[in-house]
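Asks: heads up, no residue letters with this:
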DNA sequence: CTCATAAGTCATCGAACGCTGACTTAGGGA
DNA sequence: TCCCTAAGTCAGCGTTCGATGACTTATGAG
C-alpha cells in the first residue's frame, strides 16, 4: 500500500493515460482502463482532471519539443530524423506522440493539435532552410517525409524501417534533404566529444 | 419511398459506412450513425453483414488497386503521387483510404490491413526500381513519403500541400525519386494524346 | 386475387460508457 | 491522543453501445 499523495496519484494517472491514448486512441480507451492500469480509482480522474477529454488534453500535451533548433542548420533534418527514429518514446507507449495522436484524429480538437505541432516542429523550421519560390511547399514535403517515416515505423511496421536506426538512414537523408532544400545538408548529427 | 431492394439497401449501407469510418474512425462511428446516414434501419446492418466489424471489413476492403504497374517504370512514383493527390476519394469521405484507415489503427486487424496494403501497393513496386544494397530501405523511405504526403494533406491539412495538385509536386518528386532510387525518374505522368 | 416469402420494423436486452454525490479512511498539526 | 481535512472509495445515475428475436409489410409468382 502506498502513501496518499495527490501529486503522485495524478502523475500515475497521466502516465497510464499517455500510454493508453497513444496505443489505442481516444475512443478505444475508457477511464476505467486508465484507472486499472495505474491502480487508481476511476473517479479520481474526474476529481483531478474534470473529464476524460481534459485528461486526454493534459496527457498528450507535448511537454517536450526537443531542442531541434539548437545546433548547425545543415544538421536540422538529421536531428528531426533522430527524434523520430532513435528517441525513446516508451512514455508514449513506444510510439511517436504525433503518430499516436493520429489514432485520435477523428476528433477535430486532436486534428488541430496535430496540425499545430507539425507546423511548429517541422514546417516552420524547415521553411527557413528552403530558399526559393515554393519554400513552403518544399518544407511541407520534407515534413511529410518525417511524418511518413514515423507512421511506417510504428503503425505499418514495415520491416526495414522498423529496425533501422537513424545512422542507417543518414546517407539517404542527406541526399533527399539536400535535393529538396537546394542546399547541402548533413545526414548525421555531429556529437561533441563522441567517438565516430 | 423507394422500392424494397436488398442489393440497393446493402450498397447504401456500405457507402455510408465507408464515409463514416473514413472520416471518424471505427470507434467513433456507431451502427446507428451509419443507419441514419443511409436512411436504413440499423438492424439490417446485422442482418446483411453480421456485425459492425464485418461491415467495417467489407466497407474498407480495397476494391481499387489503381493500375500503378501499368506504364513506364520511370513514371511509377509520379503515378503514385497522382493517386494520393489528384484522385477523387469522395467515396471514402474525401480522404485516401490508407489515411482513413489510420484513424482505426488502434485495432490490430486494421493495422495488418494497412501493412499489407502499403507493402503491396508501394514498397513491393518500388523495391524493384531501387537497385543496390539497401533497396528495401530506400523503397520504404519513398513509401513513407507517399503516406506522409497523404497524411499532411488530409489530416494535418497543411496549407501548401492541401491545395497542391500533382503537377505542382512534379519537379520535387522527380528530384527526390531520382535521388533515392539512384535512377532517373519522371515527375509527371505522360498522357497519351493529351495536349501538354 | 392469394399468399408464401423476403425485406424492413419494433421493442428491448445486457454491457459498457462518462460521470456524480455521498461516504470512508488515512495522516499530520494541535 | 484527538480530530479536521484531504485523499481515496463506493454505489449507482442516465445514456449509448452492439446485437437479438419477434413482428409487420410489401411484392412477385401462381
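Replies: Structure received. None of these values were measured; they are calculated from a predicted model.
Asks: compute the distance between the nearest residue to residue A:190 once chain neighbours are set aside and DNA strand C, please.
Replies: Of all residues not flanking residue A:190 in the chain, residue A:75 sits nearest, at 6.5 Å (C-beta to C-beta, 6 or more residues apart in numbering or on different chains). For every residue, glycine as well, the C-beta is placed using N, CA and C. Distance, residue A:75 to DNA strand C, using C-beta to the nearest atom of the strand, to the nearest Å: 42 Å.
Asks: and residue A:75, what is it in contact with?
Replies: If you count contacts by C-beta atoms under 8 Å, 6 or more residues apart in numbering or on different chains, residue A:75 has them with A:185, A:186, A:188, A:189, A:190.
Asks: return a PyMOL selection command for the buried portion of those residues.
Replies: Command for PyMOL, covering only those of those found buried under the criterion 16 or more other C-beta atoms under 10 Å in any protein chain shown:
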select buried, chain A and resi 185+186+188+189
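Asks: from the contacts of residue A:75, which land in helices?
Replies: Taking DSSP state H, every one of the contacts of residue A:75 sits outside helices.
Asks: show me which of the contacts of residue A:75 is closest to residue A:10.
Replies: The closest of the contacts of residue A:75 to residue A:10 turns out to be residue A:189 (C-beta to C-beta; 35.2 Å).
Asks: gap between the closest one and residue A:70?
Replies: Going from residue A:189 to residue A:70 by C-beta to C-beta, to the nearest Å gives 11 Å.
Asks: with residue A:106 instead?
Replies: Distance of residue A:106 to residue A:70, given as C-beta to C-beta: 35 Å.
Asks: what helix or strand is residue A:11 on?
Replies: helix A:6-28 (DSSP states H and E).
Asks: tilt between that helix and helix B:6-24?
Replies: Counting by axes from the mean of the first three to the mean of the last three C-alpha atoms, to 10 degrees, helix A:6-28 lies at 150 degrees to helix B:6-24.
Asks: neighbouring contacts of helix A:6-28?
Replies: Applying C-beta under 8 Å, 6+ apart, the contact partners of helix A:6-28 are A:2, A:29, A:33-35, A:37-40, A:44-45, A:48-49, A:55-56, A:58-60, A:91-95, A:97, A:100-101, A:103-104, A:106-107, A:110, B:25, B:27-28, B:105-107.
Asks: can it be found next to DNA strand D?
Replies: Yes: where contact is defined by C-beta under 7 Å from any atom of the strand, part of helix A:6-28 touches DNA strand D, namely A:6, A:8, A:9.
Asks: now the helix or strand hosting residue A:144, how far from the centre of its chain.
Replies: Using DSSP H and E, residue A:144 maps to helix A:135-151. Centre-to-centre, helix A:135-151 and its host chain are 14 Å apart (C-alpha atoms, centre = their mean, to the nearest Å).
Asks: so which elements touch that helix?
Replies: Helix A:135-151 sits against helix A:76-85, helix A:97-102, helix A:124-129, helix A:166-181, helix B:135-151, helix B:159-163, helix B:166-181, with contacts defined as 3 or more C-beta pairs under 8 Å, 6 or more residues apart in numbering or on different chains; DSSP states H and E.
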